[in-house]
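Engineer: sequence first, then the predicted structure, then my questions.
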Amino acid sequence: MLIDTHTHLDFPDFDADRDAVLARSRTQGVERLVVLGVQRDNWQRLWQLVMAEDGLYAAFGLHPVYLDQHRPEHLTELRDWLSRFAGHPKLCALGEFGLDGFVAGLDPLRQQALFEAQLQLAVEFELPALLHVRRAHAVSIATLKRYRPGRGGIVHAFSGSLEEAREYLKLGFRLGLGGAATWPQARRLRRLVAQLPEEAIVLETDAPDMAPSMHAYGRNSPEYLGEICAVLAELRGMTPEALAAASSRNACALFGWPAPH
C-alpha cells in the first residue's frame, strides 16, 4: 500500500481527467491521498473532492507563496473550518503552511506571523502540521521549539541537512520525500535520503508539481508514487515494498489511521 501524503489533486491541472488519474493511482497501489489547501478560495472545492472519493483526506491552510492573497479574516475563517470539521475522519491535518525564503518579494515578518498563527491553531485543534519550508529551516525549527505542536507533522519536500532532519525528528515531525530525489543531479539530497532513519520518511508527490525525472517537465501525478518509491528505495539499499510499508506505517501513525496490513 502507498500513501501520497502531499497532493494538490483539486488544482485545475487535473480538471480534465481527475477521475482517470485517481483510477490509475489506485491501480498502482496508491490507496490514500492527502489533499492540501493553500488559500481560502480552494477549501470548499477541496472538501467537496475528498468527500466524494474514498481514500482522500483534507488539510486546510494558508500557504506562504500566496501571501498577498491572504487577508487577516482568512485566519478567522480557517479557525471556523477547523471548528466545523473537528473530529471528522476526512480532516487529517492543518496545511499547507510555513515559510518560504526562496520566492522574491514575500515579506518575512508577515510570513512569520501567519506561520505562528497557524501553528497555534495546530496546537489548539490537535492536528498534525503539514509544512512548506524552503530556505528557512533554522527559523522554522526555532519557531517549532516554541510552539511544539503535540501531533507533530510533516516537513514537505525536505531538502535540508541531516542535522536539521534530526531537529525536526526530535519535534515529532516526519520528512516528506518525493520526485526531487529521483533527479541524478540532486546529489546532496540523494545522499541524505540514504542516511535518514526509516521512521523519518513519508512519501509524497506534490502533484501536479515537482515531477520525478522519469516524467520530466510534465504534470506530476499521484500515479507516479510507486516509481518514486522504487528510486528512493534503491538509494537506501532496500526494496520498494519495504520502503512503501515503512512510509505507510509512519503516515498512519501521524494521521491516527489504522495501521496498514
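Structural biologist: All right, it came through fine. Residues are numbered from 1 along each chain as shown.

Engineer: only C-alpha atoms from now on, for both contacts and neighbour counts.
Structural biologist: OK.

Engineer: tell me which residues touch residue 16, please.
Structural biologist: Residues in contact with residue 16 (C-alpha atoms under 8 Å, 6 or more residues apart in numbering): none are found.

Engineer: one more: the one 10 residues further on?
Structural biologist: For residue 26, the residues meeting the contact criterion (C-alpha under 8 Å, 6+ apart) are residue 223.

Engineer: ok, so what distance separates it from residue 73?
Structural biologist: 38 Å (C-alpha to C-alpha, to the nearest Å).

Engineer: check residue 116 too.
Structural biologist: Residue 116 sits 15 Å away from residue 73, going by C-alpha to C-alpha.

Engineer: who has more neighbours, these two?
Structural biologist: For residue 116 and residue 73, the more surrounded residue by other C-alpha atoms under 10 Å is residue 116, and the numbers stand at 19 against 10.

Engineer: and that one, backbone torsions?
Structural biologist: Dihedral pair for residue 116: phi -70, psi -40, per degrees, to the nearest 10.

Engineer: other residues contacting the helix or strand hosting residue 6?
Structural biologist: Using DSSP states H and E, residue 6 sits within strand 2-7. Residues from elsewhere that reach strand 2-7 (C-alpha under 8 Å, 6+ apart): 29-36, 156, 176, 202-208, 222, 225-226, 244-245, 247-248, 251.

Engineer: number of nearby residues for residue 142?
Structural biologist: By other C-alpha under 10 Å, 12 other residues sit near residue 142.

Engineer: report pLDDT for it.
Structural biologist: For residue 142, the pLDDT comes out at 98.

Engineer: distance of it from residue 136?
Structural biologist: Separation of residue 142 from residue 136 (C-alpha to C-alpha) stands at 10 Å.

Engineer: kindly report the same for residue 108.
Structural biologist: Where residue 136 is concerned, residue 108 sits at a distance of 10 Å (C-alpha to C-alpha).

Engineer: all helices of the stretch 151-261 of the chain, in order?
Structural biologist: Remark: helices assigned in the stretch 151-261 of the chain by DSSP state H, counting those that start in this stretch are 162-170, 187-195, 225-236, 240-255.

Engineer: dump the last one to CSV, keeping only the CA atoms.
Structural biologist: Included here for helix 240-255 are C-alpha records, laid out as CSV according to Å, rounded to 0.1, in the frame of the first residue of the first chain:
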residue,chain,number,x,y,z
PRO,A,240,10.4,-0.7,-2.8
GLU,A,241,7.9,-2.9,-0.8
ALA,A,242,9.9,-2.3,2.4
LEU,A,243,10.0,1.5,1.9
ALA,A,244,6.3,1.7,1.0
ALA,A,245,5.5,-0.3,4.1
ALA,A,246,7.6,2.0,6.3
SER,A,247,6.2,5.2,4.8
SER,A,248,2.6,3.9,5.2
ARG,A,249,3.3,2.9,8.8
ASN,A,250,4.7,6.4,9.5
ALA,A,251,1.9,8.2,7.8
CYS,A,252,-0.8,6.1,9.6
ALA,A,253,0.8,6.8,12.9
LEU,A,254,1.0,10.5,12.2
PHE,A,255,-2.6,10.9,11.0
